[in-house]
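Undergrad: what shape does this take:
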Amino acid sequence: MSDYNTTLRELIQIANDGAEFYADAAEQVSNPRLVELFRRMGSHKRVLSAALAAKLQASGEQIPESGTVAGTLRKVYTDLRASLSSNDEAIYVSQLEETEDRLLHHFEDALAQSTDVSLRSTLQIHMPKVRACHDEMRNWKQYLKDAA
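TA: Residues are numbered from 1 along each chain as shown. Presented below is the predicted three-dimensional model:
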């Protein structure tokens, strides 16, 4: 398996983690603005995963259909923390911002380390949206922290 395929597979799984986590979070919070935000962010992760999966499939590789163990554990941990807290919205936003951190850092690392021109091109196409989603969740995290 090439660097290209390994990196795409990993990024697809991390995007899948995000999509699943956002879907769960949208069901757990009651603030309509956050529900809409979480649904929109989850949609972006599904679009990103599908775009990367198309590249992986074109090279004849099987597409991962799920996320990572780390992503699943973070979601379970967050659900538990939120069930014990009076401010579940801030907990979800904080943990989702960390999920965005994870995706952004993996994108940045892949861009910095990859010598595959096709992979770098693919990542550069998606990087602005990955960064924008990260920044939006970071801003929400700060907003909720300031409001507390």
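
Undergrad: so where's this structure shaky on pLDDT?
TA: Residue ranges of the chain with pLDDT under 70: 1-2, 66, 69, 71-72, 74, 77, 79, 81-86.

Undergrad: grab the longest helix from it for me.
TA: helix 117-147 (DSSP state H).

Undergrad: in that helix, what counts as buried?
TA: 119-120, 122-123, 126, 130, 133-134, 136-137, 140-141, 144 (16 or more other CB atoms under 10 Å). All C-beta atoms are positioned from the backbone trio N, CA, C, and that covers glycine.

Undergrad: dump these to CSV, plus distance to Ala19.
TA: Converted to CSV, the buried residues of helix 117-147 look like this (distance: CB to CB, whole Å):
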residue, distance to Ala19
Leu119, 21
Arg120, 24
Thr122, 19
Leu123, 18
His126, 14
Val130, 13
Cys133, 12
His134, 15
Glu136, 16
Met137, 14
Trp140, 18
Lys141, 19
Leu144, 22
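
Undergrad: tell me the centre residue of this protein?
TA: Gly18 (3.4 Å; CA atoms, centre = their mean).

Undergrad: you'd agree that one is up against Lys45?
TA: Yes - using CB atoms under 8 Å, Gly18 makes contact with Lys45 at a distance of 4.0 Å.

Undergrad: residues bridging contact with these two, i.e. touching both?
TA: Both Gly18 and Lys45 are in contact with Leu103, where contact means CB atoms under 8 Å, 6 or more residues apart in numbering.

Undergrad: thought Ile14 was touching Glu100?
TA: No - look at Ile14 against Glu100 with CB under 8 Å: they stay out of range, at 10.3 Å.

Undergrad: mind jotting down where the helices sit in the protein?
TA: 3-28, 32-58, 69-83, 88-113, 117-147.

Undergrad: most packed of these?
TA: helix 3-28 (a mean of 21; mean count of other CB atoms under 10 Å).

Undergrad: other SSEs contacting that helix?
TA: Counting contacts by 3 or more CB pairs under 8 Å, 6 or more residues apart in numbering; DSSP states H and E, helix 3-28 packs against helix 32-58, helix 69-83, helix 88-113, helix 117-147.

Undergrad: so which of these is nearest Asp3?
TA: Proximity to Asp3, assessed across these by CB to CB, is greatest for helix 117-147 (7.0 Å).
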